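# Output the structure for:
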Amino acid sequence: TLNKYYELGNDINLGGKEIKGNSTNRFVRNVFQGCFDGNGCTISNFKIVTQINEQFYGLFGGTNEGIIRNVNLRNFSISPSQAKNCMWIGSIVGRNEGHIINCHAEGKIDIKNSLSGTTLYVGGITGSIETGGLLTNSGFSGSISVFTSCATVTPFVGGVVGKGAIKNCYVRGEVSLECNIGESYVNANSPGVPCRVGGLVGDGAATECYAEVEVKGEYTTLYDQAQNPLYVGGLVGTGNVLNSYSVGTVTLDSKLQSIFSKNRSGNGYAGGLVGSGNIRKSYSLSDVIVVEDPDDEVTTPDGVVVGMFGYKNIGGLSGNQATVEDSIALGNIFGNLNIVRFGRIVGDSWKATIDNSYYYEKQLMCGHLASENLDKWSLPIRMECCSTDLNSKEFYTDTLGWDESIWDFSHLDVENGMLPRLKSVK
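You can find the predicted model right below:
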């Protein structure tokens with residue numbers, strides 16, 4: 001029965017019904033391998049909740065070469081608590097090795113996890129896209145909130161997918177990841193685990209996608225997190241972006257309090273499009289914000305008074321080293337740190353390649369940002385564009401080489417936030 005063709009004939013209102021996740025053994029034996037066509041109908045008003053030893057959460061726990069298409073979900077919530085080893089969480093599919101096409105979800109995902117050695121894959125549509133999997137022409141609207149409280153938890157959090165590559169997708173709403181390590185000890189020489197959160201994708205790639213979203217990453221610890229960096233991106237935490245854009249805010253709130261030396265404290269990376277990665281033919285209208293008080297001090301359980309340390313790298317498009325081509329940074333940058341590296345296009349661009357990319361002349365740098373750190377690691381040639389450029393179709397097609405079959409340039413008015421839109425995603 002798991003490899004047959006199914007078609008939804010009517011909307012289904014589940015009236016608040018609770019659906020349990022799939023356990024490890026059930027998933028291995030019972031992944032969906034057929035075709036489920038929602039026929040444009042809507043399944044609404046349900047909750048996906050915890051059962052013992054569950055790992056896979058979604059309308060379908062997992063797929064293997066199965067096809068799920070034309071499904072709409074509305075007014076749902078997913079709120080599992082503990083799990084073993086790994087968790088895959090998404091509204092449509094927990095772990096996807098099949099094809100998800102033209103699926104849309106509106107709801108809420110709220111995850112709290114404190115187990116050690118856990119990997120979390122959380123996305124508005126699917127937790128992860130594995131080899132052979134596909135996710136296209138889909139979107140999520142609502143809120144995703146993930147909280148972890150152990151130094152060895154590895155989270156991948158995205159508005160559409162936690163880990164994987166997507167095309168022609170969108171997200172609207174809020175996506176947040178909070179890693180509150182507290183007193184968890186991480187050895188100074190241990191490899192550690194990075195934390196990734198993106199408006200669309202935690203780790204992976206977005207092609208012809210957009211996000212109208214508030215993305216926030218928060219990291220708090222008393223101990224050494226030198227190799228536990230936090231990546232926050234308007235579209236992708238870590239990975240690649242092509243022909244895509246973001247609108248909203250990207251916030252890095254990292255309270256990294258080290259009992260070791262300043263050079264062994266934690267790092268945070270935030271960008272309007274990616275925390276770290278490569279960008280082509282894209283733009284960001286997202287403001288990038290760093291929240292931290294450099295004067296704060298805290299007393300550790302051992303009675304040691306420490307301050308807030310750690311390098312924060314924030315950029316209009318990417319926080320960390322990146323290759324940026326034919327792209328535009330329009331969002332403002334806000335912060336209150338003297339130890340941050342920030343750039344109009346890339347924050348830490350020491351090893352970055354920035355080619356034919358621009359920042360908007362009205363882009364603001366606000367707060368107590370040390371002026372000597374502005375574009376400190378950037379290339380000497382900084383390319384500025386003005387409103388006249390941004391209101392001209394030729395600037396995009398001739399100067400940047402953007403494709404008219406992909407982008408709609410019919411309504412351009414940068415002063416009122418009207419910029420190119422994607423033709424394939426509504």
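# what's around residue 408, how many residues?
Applying other Cβ atoms under 10 Å, we find 12 residues neighbouring residue 408. The C-beta positions use only the backbone N, C-alpha and C, and glycine is treated the same way.
# try residue 136
18.
# same question, residue 123
Other residues lying near residue 123 total 39 when counted by other Cβ under 10 Å.
# Was I right to think it contacts residue 169?
No: taking contacts as Cβ atoms under 8 Å, residue 123 lies outside contact range of residue 169: 10.3 Å.
# Overlap in contacts, the two.
Common neighbours of residue 123 and residue 169 are listed as residue 160 (criterion: Cβ atoms under 8 Å, 6 or more residues apart in numbering).
# mind checking how far residue 344 is from residue 359?
Residue 344 is 4 Å from residue 359, where distance means Cβ to Cβ, to the nearest Å.
# no, scratch that, I was asking about residue 243
In terms of Cβ to Cβ, residue 243 sits 19 Å off from residue 359.
# Likewise for residue 240?
21 Å.
# how about the helices in the stretch 101-250 of the chain?
For the stretch 101-250 of the chain, no helices are identified by DSSP state H, counting those that start in this stretch.
# okay, and for it, where does confidence drop off?
114-117, 150-151, 181-192, 221-228 (pLDDT under 70).
# Nearest spatial neighbour of residue 358, chain-adjacent residues omitted?
Once flanking residues are discounted, residue 358 sits nearest to residue 385: 4.1 Å by Cβ to Cβ, 6 or more residues apart in numbering.
# wait, doesn't the one you found sit right on residue 362?
No: with contacts counted by Cβ under 8 Å, residue 385 stays clear of residue 362, the gap being 10.0 Å.
# Looking at the two, which has the bigger crowd around it?
For residue 385 versus residue 362, the count of surrounding residues by other Cβ under 10 Å is larger for residue 385: 22 against 14.
# Residues in a beta bridge with the more buried one, which ones?
Beta bridges link residue 385 to residue 360 when assigned by DSSP bridges.
# And for residue 44?
Beta-bridge partners, per DSSP bridges, of residue 44: residue 13, residue 74.
# Kindly report the same for the one 10 residues further on.
Applying DSSP bridges to residue 54 yields these beta-bridge partners: residue 23.
# same check, this time on the one 10 residues further on
Each beta-bridge partner of residue 64 is listed here: residue 97, as defined by DSSP bridges.
# how close does it get to residue 32?
From residue 64 over to residue 32 the distance is 7 Å, taken as Cβ to Cβ.
# And residue 392, by the same measure?
Distance of residue 392 to residue 32, computed by Cβ to Cβ: 49 Å.
# Compare the two and say which is more crowded by neighbours.
Comparing residue 392 with residue 32 by other Cβ under 10 Å, the one with more neighbours is residue 32, at 25 against 15.
# so what's the residue nearest to residue 423 when sequence neighbours are not counted scoring on pLDDT?
Distances taken as Cβ to Cβ, 6+ apart place residue 408 nearest to residue 423, at 5.2 Å, with adjacent residues excluded. We have a pLDDT of 97 for residue 408.
# For residue 408, give me its contacts.
Contact partners of residue 408, counting by Cβ under 8 Å, 6+ apart, are 420-423.
# out of those residues, which is most surrounded?
So for the contacts of residue 408 (other Cβ under 10 Å), the most neighbours sit at residue 420, 23 neighbours.
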